[in-house]
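> below: sequence and its predicted model.
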Amino acid sequence: MTDRLFVYGTLMRSSSHALARELKQRATYEGPARYNGRLYRVTHYPGVIASSAPDEWVFGDVYTVHDRELLTELDRYEGCGPDDPEPTPYLRLLQPVILSSGPQVEAWIYIYNRPVDRLKRIVSGRFSDSDMA
């Protein structure tokens, strides 16, 4: 089982969110990466769904998580903890991501688990604090 985590929204290294700061303290930053997917603005946070189109990428950060309890805390934050009612807004799934340094690795990623037909797509594949306003 992998301990890598790909984050693309409020948990990114550049985010001012409290859990992003917690992630920086309790995990090792491996670097920027990309995921073959489509990014959507849900409200003040994004959601990603998988894609097979060769030109659809979501950009984020990869961390190695050393503390399993941290993943449990992040699951609760993303609404997919063991006590959250089904269907959850996100699913934490192992997915292939490509590190900017070159290799493809498997990492946990929170995949949006709701319809996206009424959401605004972020075509650039990049989410930032300015998108949270």
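Received the coordinates, thanks.
> not counting sequence-adjacent ones, nearest residue to residue 30?
Closest residue to residue 30 apart from its sequence neighbours, by C-beta to C-beta, 6 or more residues apart in numbering: residue 62 at 4.3 Å. Every residue, glycine included, has its C-beta placed from N, CA and C.
> okay, and that neighbour sits in which element?
strand 57-65 (DSSP states H and E).
> ok, then the element right after that strand?
Next in line after strand 57-65, if elements are assigned by DSSP H and E, sits helix 68-77.
> all strands of this protein, in order?
4-7, 27-41, 46-50, 57-65, 90-99, 104-112, 120-121 (DSSP state E).
> of those, which approaches residue 75 most closely?
Between residue 75 and the strands of the chain, the shortest separation by C-beta to C-beta is 6.1 Å, and it involves strand 90-99.
> give the other helices and strands that the closest one contacts.
When contacts are defined as 3 or more C-beta pairs under 8 Å, 6 or more residues apart in numbering; DSSP states H and E, strand 90-99 packs onto strand 4-7, strand 27-41, strand 57-65, helix 68-77, strand 104-112.
> state the pLDDT value of residue 1.
Listed pLDDT for residue 1 reads 47.
> let me fix that: residue 132
pLDDT, residue 132: 48.
> I'd like the numbering to begin with 227 instead of 1 from here.
Okay, residue one is now 227; in that scheme the one you just asked about reads as residue 358.
> thinking again about what came up before, could you dump the strands of the chain to a markdown table with mean pLDDT and mean neighbour count?
As requested, the strands of the chain are arranged in a markdown table below (pLDDT from 0 to 100; neighbours: other C-beta atoms under 10 Å):
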| stretch | mean pLDDT | mean neighbour count |
| --- | --- | --- |
| strand 230-233 | 98 | 24 |
| strand 253-267 | 97 | 19 |
| strand 272-276 | 97 | 22 |
| strand 283-291 | 97 | 22 |
| strand 316-325 | 98 | 17 |
| strand 330-338 | 97 | 20 |
| strand 346-347 | 95 | 12 |
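> who wins for proximity to residue 353 among these?
strand 272-276 (4.5 Å).
> redo the strands of the chain as TSV? Include distance to residue 298.
What follows is the strands of the chain, written out as TSV (distance: least, C-beta to C-beta, whole Å):
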stretch	distance to residue 298
strand 230-233	12
strand 253-267	14
strand 272-276	21
strand 283-291	11
strand 316-325	10
strand 330-338	12
strand 346-347	31
